[in-house]
Structures are given as structure tokens and as C-alpha cells.
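Chemist: Next input, structure requested:
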Amino acid sequence: MDRKKCIIFMESSTDWFIKFNFDVAVRRDFMVAAATVSDHDGSLLWATAKKLPLMDINAGEAQAALLAVETATRFYPSSKLILEGDSLMTITALNNTQFCTEWSSSGIIADVIFLLSSFSSWSATKVSRSINLRAHLVAKWAASHNVYGSIPTSLPFLSAVRIKSGHDPP
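Modeler: Numbers count the residues shown, from 1 in each chain. Model prediction:
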């Protein structure tokens with residue numbers, strides 16, 4: 001991934017933000033976590049997917065958040081991160097460490113929170129499925145085509161989707 005290509009939001013000449021969306025697709029025997037990165041105009045810059053064993057849906061959403069944050073940590077460990085997902089339980093758990101998540105996702109949430117500490121600042125926001133559509137489509141496509149890792153951003157169904165979240169950097 002080209003670091004310059006994925007620098008997303010700029011508040012001032014020294015304040016850079018990156019925005020990742022995450023989601024999970026559930027199949028009969030497995031799940032697929034997906035993460036996408038978009039620019040301030042909603043253009044898709046990068047996507048990834050990871051096959052997971054079948055688990056509780058909340059644990060799957062937490063795994064998708066972990067995939068997004070692991071990827072952001074690998075490329076931007078000191079950046080400011082905007083994390084968006086459509087799972088209320090996952091977003092609530094990330095924003096409130098006192099929130100009691102079910103045991104199946106609590107360890108994963110703890111891992112995500114630990115990794116988030118490497119960012120100079122971060123926010124996690126619950127968004128609608130329509131705002132999270134690309135991450136959802138990447139997860140579904142990867143599950144249907146058995147393709148994992150880096151996902152081509154040139155796929156017609158992804159490049160046709162333009163999303164503006166309206167979320168200003170913190």
C-alpha cells in the first residue's frame with residue numbers, strides 16, 4: 001500500500017487522519033472480515049479481507065475492527081485514525097471500556113483497544129449500513145469468491161459506490 005495514497009484527511013499541515021471502515025460477512029461454515037480505507041471524497045483507496053472460522057456475529061465484527069486497526073497500525077502507527085463500522089456493540093465497546101461485551105468478543109476488543117493506543121488520536125463511530133456499504137460489499141465479495149488479503153479496488157461494484165460519510169476529523 002502506498003503511504004502517500006492513503007493519507008486521507010488533513011486538518012492542518014501536520015494533522016493527518018486516515019479513515020477505515022470494517023464489516024463482516026457470515027456464511028454457513030465461515031465468516032469474512034473486511035476493512036477499507038477511503039479518502040475525504042469517498043473514493044476507495046484500498047481494501048482487505050480475512051477468512052475467519054464461524055463464530056458469534058459480535059466476535060466477527062470485533063475481528064473486522066481488529067483487521068482494520070492492525071492494518072492501520074502496520075502502515076500508520078502514529079497517525080490519527082477514524083474507525084467506522086455498523087456494529088453498535090463493537091463501537092460501544094471500543095468507546096467505553098466499562099461496557100461489558102460478551103465473552104466471545106471481549107478479548108478481541110481488548111486487543112483492538114491496545115492497538116489503538118499507538119495512534120496519536122482515534123475515534124470509533126457507529127455508521128449506517130449505507131455509509132459502511134463498501135466494507136460490507138468487500139466482505140461479501142471475498143466470501144463468495146474465496147479471495148482474501150488485498151482486494152482489487154478496481155472491481156466495478158466497488159468503484160461505482162461513492163460514499164461521503166460527513167464525518168469530520170476529530
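
Chemist: Distance of W103 relative to A110?
Modeler: Plainly put, W103 is 12 Å away from A110 if you go by C-beta to C-beta, to the nearest Å. Heads up, the C-betas are built off the backbone N, CA and C, glycines and all.

Chemist: With L67 instead?
Modeler: In this view, L67 and A110 are 16 Å apart by C-beta to C-beta.

Chemist: Equivalent analysis for S79, please.
Modeler: Here S79 is placed at a distance of 22 Å from A110 (C-beta to C-beta).

Chemist: Which residue of those two possesses the greater neighbour count?
Modeler: Here S79 and A110 are set side by side on neighbour count (other C-beta atoms under 10 Å), and the busier one is S79, at 22 against 14.

Chemist: and the more buried one, what does it touch?
Modeler: For S79, the contacting residues are 16-18, 72, 119-120, taking C-beta atoms under 8 Å, 6 or more residues apart in numbering as the criterion.

Chemist: need the residues you listed in TSV with pLDDT, can you?
Modeler: As requested, the contacts of S79 are arranged in TSV below (pLDDT from 0 to 100):
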residue	pLDDT
W16	61
F17	74
I18	80
A72	88
F119	87
S120	84
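
Chemist: biggest strand in this structure by residues?
Modeler: With secondary structure taken from DSSP state E, the chain has its longest strand at strand 15-26.

Chemist: hey, C-alpha coordinates of the helix or strand following it in CSV?
Modeler: Once the chain leaves strand 15-26, the next helix or strand it forms, by DSSP states H and E, is strand 30-38. Extracted C-alpha coordinates of strand 30-38, given in CSV (Å, rounded to 0.1, in the frame of the first residue of the first chain):
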residue,chain,number,x,y,z
PHE,A,30,-17.1,-19.4,7.9
MET,A,31,-17.0,-15.6,8.2
VAL,A,32,-15.0,-13.0,6.3
ALA,A,33,-13.8,-9.8,8.0
ALA,A,34,-13.2,-6.8,5.7
ALA,A,35,-11.6,-3.4,6.1
THR,A,36,-11.5,-0.5,3.6
VAL,A,37,-9.7,2.9,3.5
SER,A,38,-11.3,5.9,1.7
